[in-house]
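> Let's see this in three dimensions:
(one chain, ligands or ions: 2)
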Amino acid sequence: MRSDLLAAVDAFDRVIAAARELIDPAVLDPVATTVRQVRERAGYLGDTLVAAVAGGTGSGKSSLINALAGEEVARSGGMRPTTGKPLGWIPANPEPGLVRLLDDLGVEERVGQDLHPWLALLDLPDTDSVVADHRHTVEALLPRVDLVLWVIDPEKYQDRVLHSRYLQPLAAYHRQFVFVLNQIDRLAPGTVDDLVSDLRQTLVADGIPEPTIVTVAADPDVGPPIGIDDLVAVLEDKADVKEVVYGKLATDLREAAKTLTSLPEFSGGTGFEASWNEARDEAARLLASGDRRRAVARLDGFVDSVAGQAGGGVAAVIRQEVTPDSVAEAVEVAYEASGAYRTPAPVPAPGWARPVRWVALVAAVAAVVWGIDSLRAGRDLLWPVVVTLLSVAVWAGVGVWVSSYRSRATRRLLAQHREELIEPIARLLDTHLGKRLRGVLRRRAGATAAATELDLALAELERRLGVG
Ligand SMILES: Nc1nc2c(ncn2[C@@H]2O[C@H](COP(=O)(O)OP(=O)(O)O)[C@@H](O)[C@H]2O)c(=O)[nH]1
Ligand SMILES: [Mg+2]
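Ligands and ions are numbered 1, 2, ... in the order given. Modelled structure (predicted):
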């Protein structure tokens, strides 16, 4: 079960790493904190029930541990502070995780026991200690231990410091609390029940809905300790909190996962290639015909639409990495590198056109001379006129045909030239723009894939816990 939890935490860390630059830190950071806390807590999850014993000086914490142990392991009734150094009463053969926990908590004094091998008790410094941030010590401890036994002196059970400084601020951890009303031997017969119900009311007012209260006398003036077996039974019962803790951690992870995967950054994301090809080819066509302005507008519009579809942090990253300026630059590079600015030279006239027109011109001049000569000699003018007209017609006709031929051929050449440019331009746009867009989307795809892995890991954990 622990390995399943750790697998889920690992999967979660991969999601966080993949999403790091795509998601607003304001959203991601609290999630990362939750995951870190779960990992921290999971680090000490073993089979031993670890309970910290807390309470005011003289409430009987050390006596309680002695009573549970059946021997004096903790010095009781000593001078204040009676518990300057924390003590651990732990299984003689402790789990490595428990040893690590005690090391981390600085619990150096350790007494091994075989009586309750599932239980470890930590005798903490007193809660009414003058150390100002003592509550923070307890608070820091809470996520790392399974239970806190609050040992309460019946004379001080309404103590303002206990309720306002400790219990109320820590009420969120109430499931981990057990209240031990100690020294009941000192109470008048018949008053215990009233006192318990009074304490219960105060605790409920503190924000602890269903407090577990056990009454004991750890070190009565006369006779053996009272109520210790009941306490052991309650603790044995609470050993189930291990299961509860796993369940709670799994829930924490599931909730955190939901926070992330409901973000737009983790949804959709297909169909990029098709729409990019279309936009790119259109822009390439515009660019091949020299229309840089519209090519830029087309691509910029495309980037906007990709960002719009991606939404959230991915949109921001896209527009950050693919700015309008960089689109214009990519277009400029494609325009220059492809040679789109060069137009082909006009098609020359066919080689025969010029001599033919010369011959026609010379023929026309000759025919005119011939006509003048015929006119002087009084000869028939028909043939000279016919030849003149024919020659002029050939000269003019060939001229008109050649210029139309040249403009048609030049247009054809230009169209072909543009057609041939489209592919290299498209390639250049791919290199200078498409790659960058793909890079951002690939990162998102990575995050989405990691989220899928996380979902599987969580499902496995939930299956092992028998929930979900
Ligand atoms: N009458 C009575 N005295 C107790 C009981 N538990 C502890 N004491 C006494 O209260 C004093 C303080 O106990 P101790 O365990 O040192 O308290 P700690 O400061 O919370 O560790 C000692 O003199 C104990 O003998 C109890 O159940 N009944
Ligand atoms: Mg003590």
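> could you pull out the helices for the stretch 151-300 of the chain?
160, 192-206, 228-238, 241-261, 272-288, 292-310 (DSSP state H, counting those that start in this stretch).
> Turn these into CSV, columns for mean neighbour count.
No exception for glycine: its C-beta is placed from N, CA and C like everyone else's. Output for the helices of the stretch 151-300 of the chain, formatted as CSV (neighbours: other C-beta atoms under 10 Å):
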stretch, mean neighbour count
helix 160, 8
helix 192-206, 15
helix 228-238, 15
helix 241-261, 18
helix 272-288, 19
helix 292-310, 19
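> Secondary structure element holding the residue in the chain that ligand 2 sits nearest to?
Per C-beta to the ion, residue 62 is where the chain lies closest to ligand 2, at 3.3 Å. Per DSSP states H and E: residue 62 is located in helix 61-69.
> on contacts alone, who are the packing partners of that helix?
Helix 61-69 sits against strand 49-55, strand 87-91, strand 119-123, strand 147-152, helix 228-238, with contacts defined as 3 or more C-beta pairs under 8 Å, 6 or more residues apart in numbering; DSSP states H and E.
> so how many other residues sit close to residue 10?
Neighbours of residue 10 under the rule other C-beta atoms under 10 Å: 14.
> Chain neighbours aside, what residue packs nearest to it?
Closest residue in space to residue 10, ignoring its immediate chain neighbours: residue 457 at 7.7 Å, by C-beta to C-beta, 6 or more residues apart in numbering.
> Would you confirm that that neighbour contacts residue 5?
No: in this structure, residue 457 is not within contact of residue 5 by C-beta atoms under 8 Å, at 9.2 Å.
> So for the closest residue to ligand 1 within the stretch 251-400 of the chain, what's the pLDDT?
Residue of the stretch 251-400 of the chain nearest ligand 1, by C-beta to the nearest ligand atom: residue 252 (33.1 Å). Per-residue pLDDT puts residue 252 at 86.
> residue contacts, it?
Counting by C-beta atoms under 8 Å, 6 or more residues apart in numbering, residue 252 makes contact with 34, 37-38.
> can you rerun that using 7 Å?
The contact partners of residue 252, by C-beta atoms under 7 Å, 6 or more residues apart in numbering, come to 34, 38.
> so how far is residue 174 from it?
17 Å (C-beta to C-beta, to the nearest Å).
> With residue 47 instead?
24 Å.
> between those two, who's got more neighbours?
Per other C-beta under 10 Å, whichever of residue 47 and residue 174 has more neighbours is residue 174, with 17 against 13.
> so that one sits right up against residue 208, yeah?
Yes: counting by C-beta atoms under 7 Å, residue 208 is a contact partner of residue 174 at 4.2 Å.
> Quickly list the domain ranges of the chain.
By the assignment in automatic domain parsing, the chain contains the domains 48-242, 265-465.
> Tell me how many other residues crowd the nearest residue to residue 339 once chain neighbours are set aside.
Leaving aside its chain neighbours, residue 339 sits nearest to residue 421 (7.4 Å; criterion: C-beta to C-beta, 6+ apart). Residue 421: 22 surrounding residues under other C-beta under 10 Å.
> my read is residue 421 is in a strand, agree?
No: Residue 421 is assigned helix when assessed by DSSP: H, G, I helix; E, B strand; the rest coil, not a strand.
> contacting residues for it?
288, 338, 340.
> if you set the cut-off to 10 Å instead, what comes out?
For residue 421, the contact set (C-beta atoms under 10 Å, 6 or more residues apart in numbering) comprises 284-285, 287-290, 334-335, 338-340, 342.
> Local confidence estimate at it?
On pLDDT, residue 421 comes in at 92.
> what does residue 464 give?
For residue 464, the pLDDT comes out at 85.
> Please apply the same query to residue 270.
63.
> Ok, the one 10 residues further on next?
Looking at residue 280, its pLDDT reads 95.
> mind putting the helices and strands packed on helix 61-69 in a markdown table, mean pLDDT and distance to ligand 1 included?
Conversion of the helices and strands packed on helix 61-69 to a markdown table gives the following (pLDDT from 0 to 100; distance: least, C-beta to the nearest ligand atom, whole Å):
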| stretch | mean pLDDT | distance to ligand 1 |
| --- | --- | --- |
| strand 49-55 | 90 | 6 |
| strand 87-91 | 94 | 10 |
| strand 119-123 | 92 | 7 |
| strand 147-152 | 92 | 6 |
| helix 228-238 | 93 | 10 |
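> any chance of the contacts of residue 421 in TSV, plus pLDDT and distance to ligand 1?
TSV is the format used below for those (pLDDT from 0 to 100; distance: C-beta to the nearest ligand atom, whole Å):
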residue	pLDDT	distance to ligand 1
284	95	82
285	95	85
287	94	83
288	93	88
289	91	90
290	91	90
334	93	80
335	93	83
338	89	85
339	86	89
340	83	87
342	85	93
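> that older thread, closest one to residue 372 among the helices of the stretch 151-300 of the chain?
helix 272-288 (57.8 Å; C-beta to C-beta).
> which secondary structure elements does the closest one contact?
Under the contact definition 3 or more C-beta pairs under 10 Å, 6 or more residues apart in numbering; DSSP states H and E, helix 272-288 sits against helix 292-310, helix 324-338, helix 382-429, helix 435-465.
> any weak-confidence spans in the stretch 51-200 of the chain?
Residues of the stretch 51-200 of the chain that meet the criterion pLDDT under 70 lie in 78-84, 125-140, 143.
> please redo it, this time with the cut-off set to 50
The stretch 51-200 of the chain contains residues with pLDDT under 50 at 79-83, 129-132.
> quick one: contacts for residue 337?
Neighbours of residue 337 in contact, by C-beta under 10 Å, 6+ apart: 424-425, 427-428, 431-432.
> how about 7 Å then?
Neighbours of residue 337 in contact, by C-beta under 7 Å, 6+ apart: residue 428.
> burial measure for residue 414, as a count.
Neighbour tally, residue 414, other C-beta under 10 Å: 15.
> Done for today, thanks.
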